[in-house]
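**Student:** Predicted model and sequence follow; I will ask about them next.
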Amino acid sequence: MEKKNIAVVMGGYSDEYVVSLKSGQLIYDSLDRDKYNVYKVVILKDEWYFLDENEQKLGINKVDFSVTLADGSALKFDACFNIIHGTPGENGILQAYWDAVGQRYTGCNFYQSALTFNKKDTLAVLSKYNIPSAKSIYLRKGEVVDQEKIVTELGLPVFVKPNQSGSSLGISKVKDISELNKAIEIAYKEDDEILIESFLDGTEVSVGVLDYQGKTIVLGITEIVPDNEFFDYQAKYEGASQEITPARLDEETRKKVEEISIRAYDSLGMSGFSRSEYIIMNGEPYMLEMNTNPGFSPASILPQQAKIYGISIQDLCGNEVEKALKKPLH
């Protein structure tokens, strides 16, 4: 059987590219060399490049996402393992390009990527499937902010967050109306649209869901106990939180979280890795957001959940590649 050429595509245009490179390295190391020739491709704002076995950079031909090797031959990939966090790999831009040039890839399609990257639209779609979320107010840059109205509708504290952002950058917890404008300014630095959400006082959990061997499974439920006020960028990437897997939930609540997480995944038509964040309040899970390309470095939640679930990283990644290879081309 001829080995398939697989490119692990990492990097990205946001500050999260650093995490993506670590995630990509783990996938690169884990894919089965008996089945695949595995290559590294890095996509950054200023350059897209292929790394050969000597870590020498070669340019990517964007006409068909191929590489011209040193000996003059062209290398085409049977599938790309997309592990870019944030733009362009998590918001549909790269997927739409790959569809246009006839390149197969792992994970969800361009529409699901674009939708889930937009928190407001994701929650709006999921509310039709009876998946609850916090009460929120949506603002666009330039709109007049009626502070009194916001506080009357949502109470205090509130969370102010960018609507589209891969990581937890730009989020503030506002306890007093006097802090609201500053928080809104910070969120607008990350995005032209922002969400102001009512505060849910409960247990935060992060749920890994994927389609594995033809079935949607919950890989694990991890409880997030932030050392800071909430699960911010620092907590997420600099270890300022405790992550407890499996989460300390009673049987009934655990089943409810699993059921809602699977329903959210399936009703959005998802594929590949996903990690959803919920706050459980009075036994009810409220959805915050869904990540379609969550962190996959050795320290990330998803690989930890897989370990406890009993799926090896090699099988987890191999399953993604096999699905990508079977995808019909657009």
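**Tutor:** Thanks, I have the structure now.

**Student:** can you tell me how far Ile308 sits from Phe159?
**Tutor:** 29 Å (C-beta to C-beta, to the nearest Å). Quick note: C-beta positions are derived from backbone N, CA and C, even for glycine.

**Student:** Those two: which is more packed in?
**Tutor:** Phe159 (21 against 12; other C-beta atoms under 10 Å).

**Student:** show me the contacts for the more buried one.
**Tutor:** Neighbour list for Phe159: Ala134, Ile171, Ser172, Lys173, Val174, Leu195, Ile196, Glu197, Phe199, Phe230 [criterion: C-beta atoms under 8 Å, 6 or more residues apart in numbering].

**Student:** before we move on, what about Lys149?
**Tutor:** Taking C-beta under 8 Å, 6+ apart, one finds nothing in contact with Lys149.

**Student:** hang on, it is in a strand, isn't it?
**Tutor:** No: counting by DSSP: H, G, I helix; E, B strand; the rest coil, Lys149 falls outside a strand, being helix.

**Student:** What are the buried residues along stretch 152-164?
**Tutor:** Neighbour counts over stretch 152-164 (16 or more other C-beta atoms under 10 Å) mark Leu154, Pro157, Val158, Phe159, Val160, Lys161, Pro162, Asn163, Gln164 as buried.

**Student:** Show me which of those residues is closest to Lys128.
**Tutor:** Asn163 (18.9 Å; C-beta to C-beta).

**Student:** Can you verify my assumption that Asp266 contacts Lys215?
**Tutor:** No: here Asp266 does not reach Lys215: they are 10.7 Å apart, not a contact under C-beta atoms under 8 Å.

**Student:** neighbour-wise, which of the two wins?
**Tutor:** The neighbour comparison of Asp266 against Lys215 (other C-beta under 10 Å) goes to Asp266, with 13 against 8.

**Student:** Contacts only, for that one.
**Tutor:** If you count contacts by C-beta under 8 Å, 6+ apart, then Asp266 has Thr216 around it.

**Student:** Pretty sure it sits in a strand.
**Tutor:** No: with three-state DSSP as the criterion, Asp266 is located in helix rather than a strand.

**Student:** May I have the predicted confidence score for it?
**Tutor:** Note on Asp266: pLDDT of 97.

**Student:** what about the helices in the stretch 151-300 of the chain?
**Tutor:** In the stretch 151-300 of the chain, the helices defined using DSSP state H, counting those that start in this stretch lie at 180-190, 233-237, 251-267.
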